[in-house]
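1. build me a model from this:
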Amino acid sequence: MMQSLKRDMAEVLSTAWPLMLSTGLFSLTLFVDRMLLYRYTEGAAAAAMAAGTLFWAITCFPSGVCGYTHAFVAQYLAAKRPDRAMLLVWQGLILAIAVGPILAVCGWLSYSFFLYSGHDPELASQEASYFRWLVPGAWSTVISAALIGLYAGSGRTRVLVVSDITATVINIVLDLVLIFGMLGFPKLGAAGAAIASSISLIFKLVVLVAFALPDFRMGLARQRDSSTGKLFIDFAGLPPTAGPGFDGFLKRLDWPLMQRLFHFGWPAGVSVLAEAWSFTVIMMLVGKLGERPAAATTLALGVNLIAFIPLIGLGTAVGVLVGKYLVQEQRETARRIVFSGLIIGIAYSLFFVVLYGGFPDVAMNVYALDIDKSRFDEMKPVLRPLLYFIAGYCVFDAFQTVYVGALKGAGDTLFVLVGHILCGGISVVGGLIVSNLLGWNSLYYWWSVITVWVMLLAIVFTLRYLHGGWQEKRVIEPIVVDD
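-> Numbers count the residues shown, from 1 in each chain. Model (predicted):
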């Protein structure tokens, strides 16, 4: 039993650590953005919180749909069809490119949105400026999602580490230059942080495309051999006409396959959208409490991202392995993979329970570097309780991300959507009702609502996983599985 567990955990870790590091580097980027903006002004930090939340709320649906390529790629490669895997990636890319004009319109309307949300005109102006400069980065993020699915689904996750390390370094350097006006540049504050983020995200996309050029040319998805680390193509299931090549963008459009991606991908995208918009509503309500509660929330969420976002990488890894073993009809192995992923997730989260719950001042002191002591001392009493909230719910985050990863990897995306809408609706609508009835509208009240929400997610998705229906689902065509 122990030998089997060690073997399964080793397999999960070998797939998950690059994804966790990749997503962790993204959380580090957001953390540095908010830390530097807080050093600039509290207003800039507050603007980044609201605009950054809106950025995620708008991009998460198309990113969720296009990024669902990871489940298809994993299952097609398990069925020995690298041609179908690559053609599916093309469908994700075509969808992602079509999203650009919509994002541009959102940027144009952003000032009116923040103003309508009840924010002060000066704060709304900073928020809109930050968001508009993020639009190019948002488009790059959506396009990158389809390519990330290619790398995650084929086991080539180290490419993601390379791209994210590069993007993180570029973002941090440009943050310092553009926020504070170094090297002759003007002080741009929140807008400078957004410009830095967009440039870094565009460069990340360039790196991802560069590594995928051989796949595009051949029309076949390469995969990494877990034992040797070498790239290979499994030709066993290929028809003689497979591999259409690189030329002819429109030739890559395959309506039946596009519809299949959208059929499974839209619930995955909307589920993330429902979660993001529920969170956006709460953040907008916090923003109406004033600049200091909004700034404290921004700092706390920066800390929370370090604890949470790497778990998304772990969930993706679990989903990739679950999809592979289900196609190979190894259901017991798939269940063991999920259990191993859960152990890893809980162990990771417990570290932050101890850090944030037992040593909150250590976590907060990261923000205190080079900042006027009296200014930060005023923020500490507001910020410290928020870290206790994070310590209270981060283990529940481990449960829900691992189980959601398993359900998505199998193709149970419709229930994932229902679960997110149900939990988000109960939390937000229930929170608003209680707030209106009892007059509760403090910062800590809304953080209590967030905590209840995460707990509900953990309960709902644990029950769905234990139900076991996910083991019968597949995302690729039955005829491909049978072949």
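
2. every contact and neighbour count from this point should use C-alpha atoms.
-> Will do.

3. which stretches of the stretch 251-400 of the chain have low pLDDT?
-> Per-residue confidence of the stretch 251-400 of the chain (counting by pLDDT under 70) places the weak regions at 251, 276, 287, 291, 302, 366-376.

4. please repeat the previous calculation with a cut-off of 90.
-> Across the stretch 251-400 of the chain, the ranges flagged by pLDDT under 90 are 251-256, 268-313, 329, 355-387, 390-392, 394.

5. likewise for the stretch 1-150 of the chain?
-> Low-confidence segments of the stretch 1-150 of the chain (pLDDT under 90): 1-64, 67, 79-80, 100-138, 141.

6. which parts of it are helices?
-> In the stretch 1-150 of the chain, helices defined by DSSP state H, counting those that start in this stretch lie at 2-40, 42-67, 69-78, 82-98, 100-116, 121-153, listed in chain order.

7. and of the ones you listed, who's closest to Met455?
-> Put simply, out of these the one that sits nearest Met455 is helix 42-67, at 21.0 Å, with distance taken as C-alpha to C-alpha.

8. packing partners for that closest one?
-> Counting contacts by 3 or more C-alpha pairs under 8 Å, 6 or more residues apart in numbering; DSSP states H and E, helix 42-67 packs against helix 2-40, helix 82-98, helix 121-153, helix 190-218, helix 255-287, helix 291-327.

9. and the longest one, which residues are buried?
-> It refers to helix 2-40. 8-9, 11-13, 15-40 (16 or more other C-alpha atoms under 10 Å).

10. what is it packed up against?
-> In this structure, helix 2-40 packs against helix 42-67, helix 158-180, helix 190-218, helix 291-327, helix 331-358, with contacts taken as 3+ C-alpha pairs under 8 Å, 6+ apart.

11. rebuild those as CSV, extending it with mean neighbour count and distance to Tyr445.
-> Supplementary listing: these in CSV, determined by neighbours: other C-alpha atoms under 10 Å; distance: least, C-alpha to C-alpha, whole Å:
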stretch, mean neighbour count, distance to Tyr445
helix 42-67, 25, 18
helix 158-180, 21, 33
helix 190-218, 21, 28
helix 291-327, 25, 12
helix 331-358, 19, 18
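
12. Ser442: which of the helices of the stretch 1-150 of the chain is closest?
-> helix 42-67 (16.7 Å).

13. now do the contacts for Leu387.
-> Applying C-alpha atoms under 8 Å, 6 or more residues apart in numbering to Leu387 gives the contacts 300, 356-357, 360.

14. that one: what secondary structure?
-> Under the three-state scheme (DSSP: H, G, I helix; E, B strand; the rest coil), the conformation of Leu387 reads as helix.

15. distance of the closest residue in space to Thr168 that isn't next to it in sequence from Gln91?
-> In space, not counting the residues next to it along the chain, Thr168 is nearest to Thr29; the distance is 5.8 Å by C-alpha to C-alpha, 6 or more residues apart in numbering. When C-alpha to C-alpha, to the nearest Å is the yardstick, Thr29 and Gln91 sit 29 Å from each other.

16. quick revisit: looking at the helices and strands packed on helix 2-40, which is nearest to Val270?
-> helix 42-67 (5.5 Å).

17. orientation of the host helix or strand of Cys423 relative to helix 255-287 in degrees?
-> Secondary structure assignment for Cys423, by DSSP states H and E: helix 413-438. Helix 413-438 runs at 20 degrees relative to helix 255-287, counting by axes from the mean of the first three to the mean of the last three C-alpha atoms, to 10 degrees.

18. buried ones in stretch 101-116?
-> Buried positions in stretch 101-116, judged by neighbour count with 16+ other C-alpha under 10 Å: 103-104, 106-107, 110-111, 113-115.

19. hang on, the earlier thing: most widely separated two among the contacts of Leu387?
-> So, those by C-alpha to C-alpha: farthest apart are Ala300 and Gly357, at 12.9 Å.

20. to Asp120, which of the helices and strands packed on helix 2-40 lies closest?
-> Distances from Asp120 to each of these were compared using C-alpha to C-alpha; the shortest belongs to helix 291-327, at 9.6 Å.

21. for the closest one, packing partners?
-> Packed next to helix 291-327, using 3+ C-alpha pairs under 8 Å, 6+ apart, are helix 2-40, helix 42-67, helix 69-78, helix 121-153, helix 255-287, helix 331-358, helix 373-410.

22. now with 6 Å, please.
-> Using 3 or more C-alpha pairs under 6 Å, 6 or more residues apart in numbering; DSSP states H and E, the elements in contact with helix 291-327 are helix 2-40, helix 42-67, helix 69-78, helix 373-410.

23. and the first one, how far from the chain's centre?
-> Shown here is helix 2-40, whose average C-alpha point lies 11 Å from the average C-alpha point of the whole chain (C-alpha atoms, centre = their mean, to the nearest Å).

24. now that helix against helix 42-67, angle please.
-> Computed by the same axes, to 10 degrees, the angle between helix 2-40 and helix 42-67 is 140 degrees.

25. tell me the angle helix 2-40 makes with helix 331-358.
-> Using the same axes, to 10 degrees: helix 2-40 against helix 331-358 is 40 degrees.

26. the third one too?
-> Angular relation of helix 69-78 and helix 331-358 on a 0 to 180 degree scale: 150 degrees, by the same axes, to 10 degrees.

27. one step back: for the contacts of Leu387, give me CSV that also has distance to Asp397.
-> As requested, the contacts of Leu387 are arranged in CSV below (distance: C-alpha to C-alpha, whole Å):
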residue, distance to Asp397
Ala300, 16
Tyr356, 15
Gly357, 16
Pro360, 19
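
28. please report how far Asp377 lies from Met364.
-> The span separating Asp377 from Met364 equals 10 Å under the rule C-alpha to C-alpha.

29. okay, these two: which has more neighbours?
-> Neighbours per residue (other C-alpha atoms under 10 Å) separate Asp377 from Met364, with Met364 holding more: 20 against 11.

30. quick check, the more buried one in a helix?
-> Yes: with three-state DSSP as the criterion, Met364 is part of a helix.

31. that older thread, could you dump the helices and strands packed on helix 42-67 into CSV with distance to Thr413 added?
-> Formatted as CSV, the helices and strands packed on helix 42-67 follow (distance: least, C-alpha to C-alpha, whole Å):
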stretch, distance to Thr413
helix 2-40, 21
helix 82-98, 17
helix 121-153, 16
helix 190-218, 26
helix 255-287, 5
helix 291-327, 12
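
32. quick check: which of those is nearest to Cys60?
-> Minimum separation from Cys60 across the helices and strands packed on helix 42-67 (C-alpha to C-alpha) falls at helix 255-287, 5.7 Å.

33. now for the closest one, which elements pack on it?
-> On a contact count with 3+ C-alpha pairs under 6 Å, 6+ apart, helix 255-287 meets helix 42-67, helix 413-438.
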